[in-house]
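Trainee: Provided below are the primary sequence and the corresponding predicted coordinates.
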Amino acid sequence: VNAQQARRILDRAVGYKLSPLLWKKIKPGLSAGRVQSVSVHIIVEREKEIRKFEPEEFWKINAEFLEFSAELKKIQNRPSKVKNKSDAEAIEISVKQGDFVVKEIDERLTKRNPNAPFTTSTLQQEASVKMGYSVKKTMVVAQQLYEGNFEIPEYSGGLITYMRTDSVSLSAQALNQAQEVIKLEFGSEYGLKKPKIYKNKTINAQEAHEAIRPVDLSLKPIDVKESLSKDQFRLYSLIWERTIASQMTPADIARTTVKIEAGSKKEYIFFAQGQRFIFLGFLKAFIKEEASNIDSLSEKDFILPKFKKGQFLNLKNPNKPLKMEQSFTKPPPRYSEASLVKKLESEGIGRPSTYAPTISTIQERGYVDLTPEKRLKPTSI
């Protein structure tokens, strides 16, 4: 209650005092606000960084072998910085005078853990990244799923819990049901002996509601597909998969890094990296029925050939051992709606319920435009 009262006082101090000033000095219909003005400030500060930015040239250098390629990472045991074409050509001359030899093979087993269930802001970010939804669209579709704006045979009510929340915790009922569904769908080896409890990392998190999850986890997306619109189905699938995955075992991944010496004085070290999935764990929840392999995920198997320490490697083309690409450093990117939400949340600005209306408001007022690449750019106003 006190937090709400404090926000209300700030809203009035900022909004009531500044908005009339903007009408008088700039143009009628404008507004200032506790969250919207800070959002505009963040976008403007990023634009200043972009304008000040001066690109620097650098070169990416890869050695091309018969079955794989390796990237230049170190020059005389220091991180490689190749600044121009003549530096790149000098490296090529040197590597032609020596051999490519396997110096070190590092194989390690790593675990990849699932993400916590969705909060308002992580749902907005994920829907933006995976499906290109605006923050406003995500909230409209989530509201429909929450209210139950559809007809499902022998089912009444909404499909998801309340969609404005900071919490990453799930109720005991949901945790128990998740294990039943995991055992049924994927097998007991994918389930957990005791539920995984997630902790909130956000400043000022107010955890009145639990995380966003399906009301009934046994209702798989495919079961309700016919009753939902395309957008409702896609968002429900996203929420169902994330909730189920959060209570599954980690994925076991074998990662291999091979360090390769090259150059007339062995002054260059190239790295080749490979990985293979030993046990999919929670990633199994994200594999679609129609894609039986791991292609539906961002990470894929990339298996390097077998190596021995001291082994000489054969190049694809000994006359042209290196692939050399000129690049330039890029300015920091403009914020997308999703990355702005992440920034606001990390700074403790605004509440889950304010992100979508704030981002809509600053666009409606003409403070910010959405570029064709769906990035937020401040206007002259």
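Mentor: Okay, I see it. All values reported here derive from a predicted model rather than from experimental measurement.

Trainee: Which elements pack onto the helix or strand where residue 254 lies?
Mentor: With elements delineated by DSSP states H and E, residue 254 resides in strand 251-262, which encompasses its position. Helices and strands touching strand 251-262, by 3 or more Cβ pairs under 8 Å, 6 or more residues apart in numbering; DSSP states H and E, are strand 101-112, strand 268-279. Any C-beta I mention is one placed from the backbone N, CA and C, and that applies to glycine too.

Trainee: show me the contacts for the residue lying closest to residue 165 once chain neighbours are set aside.
Mentor: Counting by Cβ to Cβ, 6 or more residues apart in numbering, residue 209 is the residue found nearest to residue 165 once chain neighbours are left out, at 4.1 Å. Under the criterion of Cβ atoms under 8 Å, 6 or more residues apart in numbering, the contact partners of residue 209 comprise 161, 162, 164, 165, 167.

Trainee: which SS state does residue 209 fall under?
Mentor: Under DSSP: H, G, I helix; E, B strand; the rest coil, the three-state class of residue 209 is coil.

Trainee: Tell me how far it lies from residue 61.
Mentor: Using Cβ to Cβ, to the nearest Å, we find residue 209 at a distance of 52 Å from residue 61.

Trainee: hang on, the earlier thing: strand 101-112 and the strand holding residue 254, what's the angle between them?
Mentor: Strand 251-262 and strand 101-112 meet at an angle of 160 degrees, taking axes from the mean of the first three to the mean of the last three Cα atoms, to 10 degrees as the criterion.

Trainee: Going by neighbour count, list what's buried in strand 251-262.
Mentor: Residues of strand 251-262 classed as buried under the neighbour-count rule (16 or more other Cβ atoms under 10 Å) are 251, 253, 256, 257, 258, 259, 260, 261, 262.

Trainee: so what strands line up beside it?
Mentor: If you go by DSSP bridges, strand 251-262 pairs up with strand 101-112 (antiparallel), strand 268-279 (antiparallel).

Trainee: Tell me, how many residues neighbour residue 370?
Mentor: Here the count is done by other Cβ atoms under 10 Å, and residue 370 has 14 residues near it.

Trainee: again but with residue 343, I slipped
Mentor: The tally of other residues near residue 343 (other Cβ under 10 Å) stands at 15.

Trainee: List the residues that contact the residue nearest to it when sequence neighbours are not counted.
Mentor: Sequence neighbours aside, residue 42 is the residue nearest to residue 343 in space, at 6.0 Å (criterion: Cβ to Cβ, 6+ apart). Residue 42 makes contact with 335, 340, 343, 344, according to Cβ under 8 Å, 6+ apart.

Trainee: So which of the residues you listed wins on neighbours?
Mentor: Neighbours here are counted as other Cβ under 10 Å. On that basis the top member of the contacts of residue 42 is residue 340, with 25 neighbours.

Trainee: where does it fall, helix, sheet strand or coil?
Mentor: Classification of residue 340 using three-state DSSP returns helix.

Trainee: Could you measure from it over to residue 134?
Mentor: Taking Cβ to Cβ, one finds residue 340 at 11 Å from residue 134.

Trainee: Show me the common contact partners of those two, please.
Mentor: Contact criterion Cβ under 8 Å, 6+ apart; residues shared by residue 340 and residue 134: residue 359.

Trainee: picking that back up, now pLDDT too, for the contacts of residue 42, in a markdown table please.
Mentor: Listed next are these as a markdown table, based on pLDDT from 0 to 100:
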| residue | pLDDT |
| --- | --- |
| 335 | 97 |
| 340 | 96 |
| 343 | 95 |
| 344 | 94 |
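
Trainee: got a pLDDT number for the residue of the chain positioned farthest from its centre?
Mentor: Taking Cα atoms, centre = their mean, the residue of the chain most remote from its mean C-alpha position is residue 97, at 43.2 Å. According to the prediction, residue 97 has pLDDT 93.

Trainee: What of residue 201?
Mentor: On pLDDT, residue 201 comes in at 72.

Trainee: residues in contact with it?
Mentor: Residue 201 makes contact with no residue under the criterion Cβ under 8 Å, 6+ apart.

Trainee: Please, which helix or strand holds it?
Mentor: Counting by DSSP H and E, there is no helix or strand that carries residue 201.

Trainee: Any figure for the gap between it and residue 124?
Mentor: Applying Cβ to Cβ to residue 201 and residue 124 gives a distance of 17 Å.

Trainee: One more: residue 284?
Mentor: Using Cβ to Cβ, one obtains 26 Å as the distance from residue 284 to residue 124.

Trainee: higher neighbour count, those two?
Mentor: Comparing residue 284 with residue 124 by other Cβ under 10 Å, the one with more neighbours is residue 124, at 30 against 20.

Trainee: Am I right that that one sits in a helix?
Mentor: Yes. Assessed by three-state DSSP, residue 124 belongs to a helix.

Trainee: Could you double-check that it sits in contact with residue 339?
Mentor: No. No contact is recorded between residue 124 and residue 339 when judged using Cβ atoms under 8 Å, the distance being 10.5 Å.

Trainee: Might one say that residue 97 is in contact with residue 264?
Mentor: Yes. Under the criterion of Cβ under 8 Å, residue 97 lies in contact with residue 264, with a separation of 3.9 Å.

Trainee: Could you tell me the per-residue confidence at residue 253?
Mentor: What the model reports for residue 253 is a pLDDT of 94.

Trainee: going forward can the numbers begin at 21, since that is how I track them
Mentor: Yep, numbering from 21; the last one is residue 273 now.

Trainee: follow-up on the earlier one: can you lay out the contacts of residue 229 as a markdown table showing neighbour count and secondary structure?
Mentor: As requested, those are arranged in a markdown table below (neighbours: other Cβ atoms under 10 Å; DSSP: H, G, I helix; E, B strand; the rest coil):
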| residue | neighbour count | secondary structure |
| --- | --- | --- |
| 181 | 23 | coil |
| 182 | 17 | coil |
| 184 | 19 | coil |
| 185 | 24 | coil |
| 187 | 24 | coil |
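
Trainee: Thank you, goodbye.
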